[in-house]
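Student: One predicted model, sequence on top.
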Amino acid sequence: MKNPLIKRLPRELKADFVKYLVLFLFMTLTIGFISGFLVAGGSLKIAYDESFEKYNIEYGHFVLKKEADNSLFESIEREKVSVYKNYYMNIDTDSNLDGRTNSTLRIFKNREHINKVCIMKGKLPVSDKEIAIDRMYANNNNISVGDSIKVGEKKLKVTGFVALSDYSAMFSNNTDLMFDAVLFGVAIVSDDLFENYNYNINFCYSWLYDTVPQSDEEEKEVSDSFLKKLYKNVYMSGNEIETYVPRYQNSAINFTGNDIGGDQGMMLILLYILIAILAFVFAVTINHTIERESAVIGTLRAIGYSKIELVRHYLMLLVFVSVASAVIGNALGYTLFKSMVASLYYESYSLPTYETIWNGNAFVLTTVIPMAIILVINLYSLTNKMSLSPLKFIRRDLNRSKKKKAFRLNSNIKFITRFRLRIIFQNKSSYITLFIGIVFANIILLFGMMMPPLLGHYQNSIIDNMIARYQYILKKPVEVKTKDAEKYAMTTLQINKASISEEISIYGIENNSRYIKDTPINGYYISSSMSEKYKIKKDETIVLKEKYNDKQYQFQVKGIIDYPGSLVVFMNKNEFCKVFEQEENYYTGYFSNRKLNIAEKNVASVITEEDLTKTSRQLNVSMGNMFYMVEGFAIVLFIMLIYLLTKLIIEKNINAISMVKILGYNNKEIGKLYVIATTWVVLISVFLSLFIASGLIHMIYFEMMKGYSGWLTLYIAPSIYIQMFMIGIGCYALMVLMQFRKIKKVPMDAVLKNVE
């Protein structure tokens, strides 16, 4: 015989259609977005991982001061490695032919044996008037295949877009905090054109191990061993190592893979927090339904229906909504959301082409486990409720413990205020869930809203605290006549602290420097960014070591200089020369507010405002759309939670609302009783959530940033808190209008139909 309870399901769905629709949309969008993120990320990660073998990516590279001769080449290859020339030139480029250089291209010959090239569109250059450029650089600078750009003094035709396997992230220097795909790019030219360019060649050599390391630990050991042997061979040949970057430390290669993998972990945490909130919302919804239909349930139990049958019945709509959400969410995940997420990655990274791959793990993580969490929580809630006796259901007495008397409220409190307080205490479980949801929504909202002002503030701080407009780093000492120029000495050491290892710049500054505020006369000073990242305070001693050997230096911090640009130790130049055993007049570059007339062959690099602000510029380009998506998602989450829970509170108090209507209260007065009680909770929740979200963001931000090279100072604009509060109240105001309509529809006879 067909179960007659099934006939009730369409009526129940119709009666609570809006509520189930909101739950359906909430779950569909959550599963769809996260599954799309995992599918796109998983497919791209597979393409990225396969690219190491497909494109024969190097195990590392080193740059020499002079070209290696045959004897040095042979001595290096005796160390069980295969070495390949990978020379390049950094050339100023006019990408829009307006007569001004606006970016830099790193020019390579086509690589056929190592670090092979993926052609994304068009073809590779053949003649000495053609060039193939990185796809992302082309998109950021509005360049199409067939356009012309001016690279140095030569006007070249763009024949194609490429992705270089060793430059998936556009790091011009491995020590940079962030890559720059706007003002920096890589390109391929013909062999003839490369030879014809009269620019400084960087003598870069890439290597592959004859025996491939089988683990990350083994790769590090082999790399460290190779560095010692390489250092000895290069030193014996009269040459110098300028840069040594093993693959496992190469940001241009690894940053992309780490980011894709890291994003998936963060998204799963987000998913399960959302699902947990959703599961409790479902549980509150079902509990309300049981309380509303307690007399019906008691009657059904009395006439023979078992607890299991009733539990199954009240789970059916939940299962139906969950399955429908899972099916449609996954369909959207593999289509719309996958494409959106993939485009976000392609806007940030120079990735090769990929194929969408079925991700069984994503299906389990985004669909099977969340549905299991929801079902288990609600099954427990229903089973617990259904264990009560039929008589208790008929009497509407659903409390397990002996009913306690409501605690007394001070009689001096106005009646209306006491009434509202009673409403809050009677619905405390719903209000607690609402508070948790608001906190979480505001954490997401704060993260999305704080980033654009943070990047703007960082950029302004960098500009305001620049040492000089031009910072020249020389290959060899060169005298200049410009009075504005001031000599300085610089080297780099490594810090190993809190499981972090990265380069620290050491500056030796002239006495009474015109460029450094609070010029260090005696002792050692560190930049504010270094103090923040490593939590180093005045009078602490820091230990730094040389990059290519184990020699260590100890510096006791005498003070902190406001310099957010990079991680730096400042000292007097005389002290610098003493510490690093250099001659008294030793220097490595110039600070200047004017462009200096120095031959390009003598300049290793020039640091300008554009170089210092690349982090904020690139994050705005690659993450700008993501910030707005996060904001939108947080607002939608906020609205859905407030709607569902305020609706449940009104429905739970239908009898009381009906009674006060009988007593003569009009809809407006009743609205003030119930809506203002909820308003108190929302206002307090939004206000407290700002402090909680701010505290948690500080913790999350530090943990997130400490793994990156460099430091981006956390800044939350005060106006953001006001905006968040107004957004929260604005969203709630919309829900209030809907709840007033709900109150108007409550009939006076509702309480008479439910007389105990």
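Tutor: The structure has been received and is ready for your questions.

Student: now the helices: where do they sit in the stretch 601-750 of the chain?
Tutor: Taking DSSP state H, counting those that start in this stretch as the criterion, the stretch 601-750 of the chain carries its helices at 609-612, 614-652, 654-662, 667-705, 718-744, 750-753.

Student: TSV for the ones you listed, including mean neighbour count?
Tutor: Yep, even glycine has a C-beta here, placed from its N, CA and C like the rest. Written out in TSV, the entries for the helices of the stretch 601-750 of the chain read as follows (neighbours: other Cβ atoms under 10 Å):
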stretch	mean neighbour count
helix 609-612	17
helix 614-652	20
helix 654-662	18
helix 667-705	17
helix 718-744	16
helix 750-753	14
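
Student: Could you save those as JSON lines and add columns showing mean pLDDT?
Tutor: Shown next, in JSON lines, are the helices of the stretch 601-750 of the chain (pLDDT from 0 to 100):
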{"stretch": "helix 609-612", "mean pLDDT": "74"}
{"stretch": "helix 614-652", "mean pLDDT": "72"}
{"stretch": "helix 654-662", "mean pLDDT": "77"}
{"stretch": "helix 667-705", "mean pLDDT": "83"}
{"stretch": "helix 718-744", "mean pLDDT": "83"}
{"stretch": "helix 750-753", "mean pLDDT": "62"}
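
Student: of all those helices, which lies closest to residue 138?
Tutor: Between residue 138 and these, the tightest spacing by Cβ to Cβ is seen for helix 614-652, at 13.4 Å.

Student: one step back: tell me which of the helices of the stretch 601-750 of the chain lies nearest to residue 38.
Tutor: It is, among those and with distance given as Cβ to Cβ, helix 614-652, at 15.8 Å.

Student: For the helix or strand hosting residue 258, which helices and strands make contact with it?
Tutor: Counting by DSSP states H and E, the element that carries residue 258 is helix 251-292. Packed against helix 251-292, as judged by 3 or more Cβ pairs under 8 Å, 6 or more residues apart in numbering; DSSP states H and E, are the following elements: helix 17-54, helix 307-332, helix 369-386, helix 428-464, helix 614-652.

Student: Pull the distance from it to the chain's centre.
Tutor: Here the centre of mass of C-alpha atoms in helix 251-292, compared against the chain's by Cα atoms, centre = their mean, to the nearest Å, lies 15 Å away.

Student: Likewise for stretch 552-572?
Tutor: Taking Cα atoms, centre = their mean, one finds stretch 552-572 lying 29 Å from the centre of the chain it belongs to.

Student: The helix or strand harbouring residue 150 packs against which elements?
Tutor: Secondary structure here is read from DSSP H and E; on that basis residue 150 sits in strand 148-151. Identification of packing neighbours for strand 148-151 by 3+ Cβ pairs under 8 Å, 6+ apart yields strand 88-94, strand 130-134, strand 154-164.

Student: Same list (those) but as TSV, adding distance to residue 532, mean pLDDT and mean neighbour count.
Tutor: Compiled in TSV, the helices and strands packed on strand 148-151 are given as follows (distance: least, Cβ to Cβ, whole Å; pLDDT from 0 to 100; neighbours: other Cβ atoms under 10 Å):
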stretch	distance to residue 532	mean pLDDT	mean neighbour count
strand 88-94	31	90	19
strand 130-134	33	94	25
strand 154-164	34	93	21
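
Student: would TSV of those strands with distance to residue 398 be doable?
Tutor: Written out in TSV, the entries for the helices and strands packed on strand 148-151 read as follows (distance: least, Cβ to Cβ, whole Å):
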stretch	distance to residue 398
strand 88-94	74
strand 130-134	65
strand 154-164	63
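
Student: Select, out of those strands, the one closest to residue 478.
Tutor: Across the helices and strands packed on strand 148-151, closest to residue 478 is strand 88-94 (Cβ to Cβ), at 18.7 Å.

Student: and the helix or strand hosting residue 393, what's its mean pLDDT?
Tutor: The secondary structure element spanning residue 393 is helix 390-394 (assigned by DSSP H and E). Confidence over helix 390-394 (mean pLDDT, whole number) is 81.

Student: Can you name the next helix or strand after that helix?
Tutor: From helix 390-394 onward toward the C-terminus, using DSSP H and E, the following helix or strand is helix 415-426.

Student: what's that next one packed up against?
Tutor: For helix 415-426, the elements it packs on are helix 667-705, judged by 3+ Cβ pairs under 8 Å, 6+ apart.

Student: Which neighbouring elements make contact with the helix it packs on?
Tutor: Counting contacts by 3+ Cβ pairs under 8 Å, 6+ apart, the secondary-structure elements packed against helix 667-705 are helix 415-426, helix 428-464, helix 614-652, helix 654-662, helix 718-744.

Student: Among those, single out whichever gets nearest to residue 248.
Tutor: With Cβ to Cβ as the measure, helix 614-652 is the member of the helices and strands packed on helix 667-705 nearest residue 248 (22.9 Å).

Student: Next, please give the residue ranges for the strands of the stretch 101-250 of the chain.
Tutor: Along the stretch 101-250 of the chain, counting by DSSP state E, counting those that start in this stretch, strands occupy 103-109, 117-122, 130-134, 148-151, 154-164, 184-189, 203-209, 241-246.
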